[in-house]
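Asks: A structural model of the following input is requested.
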Amino acid sequence: MSRTSVALLAALLLGSAAQAQTTMNVGLDVDPGTMDPRMIRDTSAQRMQELLFNGLVRLDPKLKPQPALATAWRYTSPTVLELDLRKNVTFHNGEKFTADDVVYTYNTVLDEKMASPRRSFYTPISKIEAVNPFKVRFTLSKPFAPLLQYLDLGILPKDTATKAGADFGNAPIGTGPFKLVRWQKGGSIELAANDKYWGGKPKVDRLVIRAIPDNNVRMVALESGELDFIHSPISPQDLDRLAKSPKLNLQRTTGLGYTYLNLNTKDPVLSDKRVRQALAYLTDRQTISNDLFYGMDTPGESFLMPGTAYFSPTAKVYKPNLAQAEKLLTAAGWVASTKGGIRTKGGKPLQIQIVTNIDPNRQQVIEFLQGEWRKAGIDVKVRAYDFAAMITDLTAGKYQVSLVGLLNLTDPDRGSYQQFTTTGTSNYGKYSNPQVDKLLEQARTSTSSIVRKSLYGQAAKVITEDAPYIFVLNQGYVAISSKAVTGYTLYPSGSWYSFENITLRR
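Replies: Numbering: from 1, shown residues only. Here you go, the predicted model:
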């Protein structure tokens with residue numbers, strides 16, 4: 001064969017190889033706020049952590065910790081946990097993974113100067129030591145029941161992360177199955193398969209993840225073939241039709257999250273518990289579930305998830321009761337108008353603003369509540385705006401009522417301790433009750449699941465009575481993909497761990 005023929009054949013083979021590369025297109029509702037696992041505040045950032053990083057453990061669909069960067073572990077005492085680390089693991093930039101990276105990651109999360117929103121998950125840790133390059137020891141100040149559940153935190157490369165500082169979240173380096181190629185904020189994220197991944201190179205060569213806030217636009221993009229995969233939130237009225245599509249696979253399950261109204265207890269109007277309770281009585285969860293979510297999400301009761309081992313039905317349930325709401329508002333000093341208008345107090349009208357992110361489902365909810373709360377003489381304003389801007393206002397306490405959601409609640413502690421303890425890092429509404437502080441502290445330090453269930457039931461009862469949150473819905477979780485996608489495993493938490501096993505056959 002001539003040199004020219006050989007060159008042509010090589011070019012054809014190279015072209016064929018390039019064409020064989022597979023790209024999976026994914027739609028997300030919001031852009032992640034960061035890609036630094038230590039600073040996660042949203043579920044999109046959580047999904048990026050699952051693709052780019054590995055934790056010491058990984059939670060399976062039944063929430064049981066499985067080996068990841070740790071291959072084995074043991075408690076040598078109720079307050080000492082040792083973990084053996086996986087050898088021959090490298091970060092995306094070629095750095096070797098060792099125990100020093102684990103120590104660095106957790107020490108920086110615990111550093112108050114970092115202001116990690118996840119810090120309270122790890123405060124019982126008093127010391128983290130590298131016993132040797134492939135063994136770490138966690139020493140606790142007291143027993144801490146959820147510790148293993150929380151060791152899914154993505155591990156960072158010490159040297160690279162130290163040099164990058166606050167910029168690490170924009171150019172993350174992990175040990176995960178995919179590595180970042182580019183991130184056009186507010187637009188798209190491109191990831192490439194990590195061909196040196198310790199778990200084996202992913203079967204999909206490239207992921208392109210697009211932030212598309214409108215649920216309907218994401219759905220149309222999936223149906224047209226522009227996207228290969230979308231997941232909750234999805235417009236519930238379309239689920240039956242999508243389930244019957246010959247081009248799509250639809251999977252659904254009970255989720256591990258709740259949608260709630262976060263009430264700012266430091267607001268002059270909402271600082272009165274009677275007003276908060278009145279709003280709870282004016283919030284018809286059943287109608288929201290049936291008419292707006294078509295039963296996909298079910299009425300909420302407390303921070304305890306139905307179907308889990310810790311669920312307790314002891315919390316107060318606010319059934320719709322306009323008369324009771326009016327009675328509470330009157331007792332709080334908000335005088336009803338003789339003409340059926342807006343209540344007043346000291347000459348000031350009763351005004352409340354509800355905000356949420358741009359999402360058709362949530363916008364429907366706040367518009368529904370606007371009408372319902374108005375029946376009791378409340379002047380309700382509603383606003384939907386960019387998720388990142390809303391979260392900034394929420395964390396700064398610049399809101400009255402915000403409709404938001406929590407996902408990935410793999411342990412009751414994850415959906416309560418940060419949110420309801422006085423110093424909790426996600427306690428944006430500044431709720432404070434010493435009894436709740438004590439109950440939640442006891443629950444996280446008890447090693448008995450029976451005792452923990454009792455303590456969480458008691459805490460849920462007090463919290464729903466105080467009404468810093470109005471638990472609107474228990475979330476369902478839905479994932480829809482094209483028929484070309486195989487190998488995806490549905491997790492109640494919404495995890496994308498199984499993306500590394502997906503095969504795309506067009």
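Asks: quick one, strands of the stretch 201-350 of the chain?
Replies: 206-211, 229-231, 248-263, 298-299, 344-345, 348-349 (DSSP state E, counting those that start in this stretch).
Asks: Out of these, which is the most enclosed?
Replies: strand 229-231 (a mean of 24; mean count of other CB atoms under 10 Å). All C-beta spots, glycine's among them, are computed from the backbone N, C-alpha and C.
Asks: Which residues outside it are in contact with it?
Replies: The contact list for strand 229-231 (CB atoms under 8 Å, 6 or more residues apart in numbering) reads 24-27, 218-219, 221-222, 477-482, 485, 488, 494.
Asks: returning to that earlier point: present the strands of the stretch 201-350 of the chain as CSV; the columns should include mean pLDDT and distance to residue 93.
Replies: Putting the strands of the stretch 201-350 of the chain into CSV (pLDDT from 0 to 100; distance: least, CB to CB, whole Å) gives the following:
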stretch, mean pLDDT, distance to residue 93
strand 206-211, 97, 19
strand 229-231, 96, 28
strand 248-263, 94, 33
strand 298-299, 94, 45
strand 344-345, 95, 60
strand 348-349, 94, 58
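Asks: Could you export those as TSV, including distance to residue 358?
Replies: Below are the strands of the stretch 201-350 of the chain laid out as TSV (distance: least, CB to CB, whole Å):
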stretch	distance to residue 358
strand 206-211	11
strand 229-231	16
strand 248-263	15
strand 298-299	24
strand 344-345	33
strand 348-349	28
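Asks: Relative to residue 87, which of those is closest?
Replies: strand 206-211 (27.6 Å; CB to CB).
Asks: Could you check which helix or strand contains residue 439?
Replies: According to DSSP states H and E, residue 439 maps onto helix 434-445.
Asks: Please point out which parts of that helix sit buried.
Replies: Going by neighbour count (16 or more other CB atoms under 10 Å), the buried part of helix 434-445 is 436, 437, 439, 440, 442, 443, 444, 445.
Asks: Which one of those residues is nearest to residue 193?
Replies: Closest approach to residue 193 among these (CB to CB): residue 444, at 38.1 Å.
Asks: Next up, the contacts around that closest one.
Replies: Residue 444 makes contact with 124, 144, 145, 146, 413, 417, according to CB under 8 Å, 6+ apart.
Asks: now residue 162
Replies: Going by CB under 8 Å, 6+ apart, residue 162 touches residue 104.
Asks: Can you pull the phi and psi angles for it?
Replies: With angles defined as degrees, to the nearest 10, residue 162 sits at phi -60, psi -40.
Asks: out of the contacts of strand 229-231, which are inside strands?
Replies: Taking DSSP state E as the definition of strands, those contribute 24, 25, 26, 27, 477, 478, 479, 480, 481, 482, 485.
Asks: Turn those residues into CSV, including distance to residue 156, pLDDT and neighbour count.
Replies: Formatted as CSV, the ones in strands among the contacts of strand 229-231 follow (distance: CB to CB, whole Å; pLDDT from 0 to 100; neighbours: other CB atoms under 10 Å):
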residue, distance to residue 156, pLDDT, neighbour count
24, 26, 98, 24
25, 28, 98, 20
26, 24, 98, 24
27, 28, 97, 22
477, 28, 92, 23
478, 32, 94, 22
479, 28, 96, 21
480, 33, 97, 27
481, 31, 97, 22
482, 34, 96, 21
485, 30, 97, 22
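Asks: Can you pick out the most distant pair from the residues you listed?
Replies: Of all pairs drawn from the ones in strands among the contacts of strand 229-231, the greatest distance, 20.6 Å, lies between 25 and 477 (CB to CB).
Asks: closest to residue 72 out of the strands of the stretch 201-350 of the chain?
Replies: strand 248-263 (26.3 Å).
Asks: between the one helix or strand residue 451 maps to and strand 248-263, how many degrees?
Replies: Applying DSSP H and E as the criterion places residue 451 in helix 449-466. For helix 449-466 against strand 248-263, the angle by axes from the mean of the first three to the mean of the last three CA atoms, to 10 degrees is 60 degrees.
Asks: report the angle between the axes of helix 449-466 and helix 434-445?
Replies: Orientation note: helix 449-466 sits at an angle of 150 degrees relative to helix 434-445 (the same axes, to 10 degrees).
Asks: before we move on, the earlier item: what's the closest of the strands of the stretch 201-350 of the chain to residue 381?
Replies: The closest approach between residue 381 and any of those, judged by CB to CB, belongs to strand 348-349 at 11.4 Å.
Asks: C-terminal to the closest one, what's the next element?
Replies: Going down the chain from strand 348-349, the next helix or strand is strand 351-357, by DSSP H and E.
Asks: Which neighbours in the sheet does that next one have, and how are they oriented?
Replies: According to DSSP bridges, strand 351-357 forms sheet pairs with strand 379-385 (parallel), strand 401-406 (parallel).
Asks: Make CSV out of these and add mean neighbour count.
Replies: Converted to CSV, the strands paired with strand 351-357 look like this (neighbours: other CB atoms under 10 Å):
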stretch, mean neighbour count
strand 379-385, 16
strand 401-406, 23
